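Student: Based on what follows, work out the 3D shape:
(2 chains)
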Amino acid sequence: MDLIFTPTDFVAVFNQTLEYAYPQIVIEGELANVRVSRGKWVYFDLKDDAASLRCFGTVYQLPGPIEDGMAVRLMAAPRLHQLYGFNLNVISLRPVGEGGIKKAADLLEKKLSTEGLFDNERKRPIPYAPEIIALITSVESAAYKDFVKILQDRWVGVKVKVLDVQVQGEQAIDDVARAFDVVSQLDPVPEVAVLTRGGGSADDLAAFSTERVVRAVAGSRVPTVVAVGHEQDVSLAEMAADLRASTPSNAAELLVPDKRSVREELRACKSSIYQQVLASVRSGKLDLDYKSKQLKTHALQSYESSLQNLLQSRHNLELINPSAVLRRGYAIVRNQRGGVVPSKAVAEKERLLRVEFHDGTLDLREI
Amino acid sequence: MAPKKESYRALRAELDDVIDRMQATDVDIEQSLVLYKKGQELINKLQAFLESAKVEIDTLSHPKTK
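Tutor: You can find the predicted model right below:
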């Protein structure tokens, strides 16, 4: 006897079977009829040449904007809906193939560019010779070894806080975004955060052009240096960074000075300041010589002037010198006691007068 | 309390300032000699930093998603 179901019962039984047989499946195909409802619900078809499957999910499950024609890899749970038929319920989705990934990145770039995430004006300067660096990378990768090697070779006195993350695949998106959260809570807070990985295929690097990673870089509390080892193609995370480096090694070179160059600079500096002070002393000595000469000249002038005064005084003195007066024809009249007789009246009282001439004396008696 | 170790950046900035001041035209011998002595001191500190400081690598344990 046939088992008779009601539609509701059949849906329930069928879904149980699906859950058991296909709890989740991975399908690659091309997107078609992409539609977003209320900014939250996303509907699309995943198709190939002969078949088409209806898919349903939320925008939060998407790595970025999607559009018709994009090749994607979908992880989903097949379910029969009571009313709307068969659906693949999205678990995760990512673009595949060079074309698909590039297309997804282009769409996302356009969206984030409009928001100003890549503008030069928002780029912060990277501190010169940072003392604390946060390094977000896989410690098993060549990128980690290269970065650390160059850093240790070039510089000293820096602390590196390493956050070990996956750098490819689905997990990388979450790991990297969480790592930036951790960096923002570190104490002391690092001066710069470096996100880096080596080269790889477009698929390998896809995580660095997803919305969540790009927003984590753009919204980082500390200035960011991003180096995804691909010279030609620039990931969106690199575009959002404050500074892009071409490789992990280049990131280390841009971050810290080269101690060899600094040693040379300091040696040159030592010599330069010595020359500077010598020049200063010489110019000071010249100044001193000049001042000394000036002093001599002044002293000489002063001396000559004093001499002139002295000579004049001497001349004046000579004029009133008694001997000089006598030589001019004058005589001094004295009494017997040697006192000067100043007048005729006084002389008349004296019995003996002595007249002093420049060439001798003559005594005069009263007769 | 021991004085805070001066960073390379701080010492370097101080040295650049000393050099600028030495090159000013209005500095006299006495100032020049003081600046020279300070400059020498800073250069010696910077050279000592280059010879003795190390790079410290510390891998933080933080939960990965899986």
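Student: hang on, isn't A:Ser92 packed against A:Tyr60?
Tutor: No. If you go by C-beta atoms under 8 Å, A:Ser92 and A:Tyr60 don't touch, sitting 10.6 Å apart. The C-beta positions use only the backbone N, C-alpha and C, and glycine is treated the same way.
Student: Between the two, point out the one with more neighbours.
Tutor: A:Ser92 (16 against 8; other C-beta atoms under 10 Å in any protein chain shown).
Student: Which of the three states applies to that one?
Tutor: Three-state call for A:Ser92 (DSSP: H, G, I helix; E, B strand; the rest coil): strand.
Student: Which pLDDT value belongs to the residue in the stretch 1-150 of chain A that chain B sits nearest to?
Tutor: Nearest to chain B, among the residues of the stretch 1-150 of chain A, is A:Ala129, at 5.4 Å (C-beta to the nearest C-beta). Here, the pLDDT recorded for A:Ala129 equals 91.
Student: Check which helix or strand it maps to.
Tutor: Assigned by DSSP states H and E, A:Ala129 belongs to no helix or strand.
Student: Setting aside sequence neighbours, what's the nearest residue to the closest residue to chain A within chain B?
Tutor: Taking C-beta to the nearest C-beta, chain A has its nearest neighbour within chain B at B:Ala53, 3.1 Å off. With C-beta to C-beta, 6 or more residues apart in numbering or on different chains as the criterion, B:Ala53 has its nearest non-adjacent residue at 3.1 Å, and that residue is A:Gly157.
Student: Give me the neighbour count for the one you found.
Tutor: The number of residues packed near A:Gly157 is 18, by other C-beta under 10 Å.
Student: got the contact list for it?
Tutor: A:131, B:7-8, B:49, B:53-55 (C-beta atoms under 8 Å, 6 or more residues apart in numbering or on different chains).
Student: Looking at those, spot the one nearest A:Ala172.
Tutor: B:Val55 (26.5 Å; C-beta to C-beta).
Student: what about that closest one, how many neighbours?
Tutor: When neighbours are counted by other C-beta under 10 Å, B:Val55 comes out with 17.
Student: again, but for B:Arg9
Tutor: The burial count for B:Arg9: 14, using other C-beta under 10 Å.
Student: Packing partners of whichever strand in chain A runs longest?
Tutor: Taking DSSP state E as the criterion, chain A has its longest strand at strand A:25-37. Applying 3 or more C-beta pairs under 8 Å, 6 or more residues apart in numbering or on different chains; DSSP states H and E, one finds that strand A:25-37 makes contact with strand A:41-47, strand A:52-58, strand A:71-81.
Student: can you give me the strands for chain B?
Tutor: Going by DSSP E, chain B shows strands at B:55-60.
Student: For it, what lies in contact range of chain A?
Tutor: Selection of chain B residues close to chain A by C-beta under 8 Å from any C-beta of the partner chain yields B:7-9, B:12, B:15, B:18-19, B:22-23, B:27-29, B:32-33, B:35-36, B:39-40, B:43, B:46-47, B:49-50, B:52-60, B:62-66.
Student: Output the below-cut-off pLDDT ranges for the chain.
Tutor: Using chain A here. A:1, A:230-231, A:285-287, A:367 (pLDDT under 70).
Student: wrong chain, I was asking about chain B
Tutor: B:1-5, B:25, B:62-66.
Student: picking up where we left off before, kindly give a single PyMOL line that selects the buried subset of the residues of chain B next to chain A.
Tutor: The buried subset of those, as determined by 16 or more other C-beta atoms under 10 Å in any protein chain shown, is captured in PyMOL by this line:
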select buried, chain B and resi 8+12+15+18+19+22+27+29+32+35+36+39+40+43+46+49+50+53+55+57
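Student: Regarding chain A, what is its longest helix?
Tutor: Assignment by DSSP state H gives helix A:259-319 as the longest helix of chain A.
Student: helices or strands up against that helix?
Tutor: Against helix A:259-319 (3+ C-beta pairs under 8 Å, 6+ apart) you get helix B:8-22, helix B:29-52.
Student: Serialize these to CSV and add fields for distance to A:Arg282.
Tutor: Shown next, in CSV, are the helices and strands packed on helix A:259-319 (distance: least, C-beta to C-beta, whole Å):
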stretch, distance to A:Arg282
helix B:8-22, 14
helix B:29-52, 10
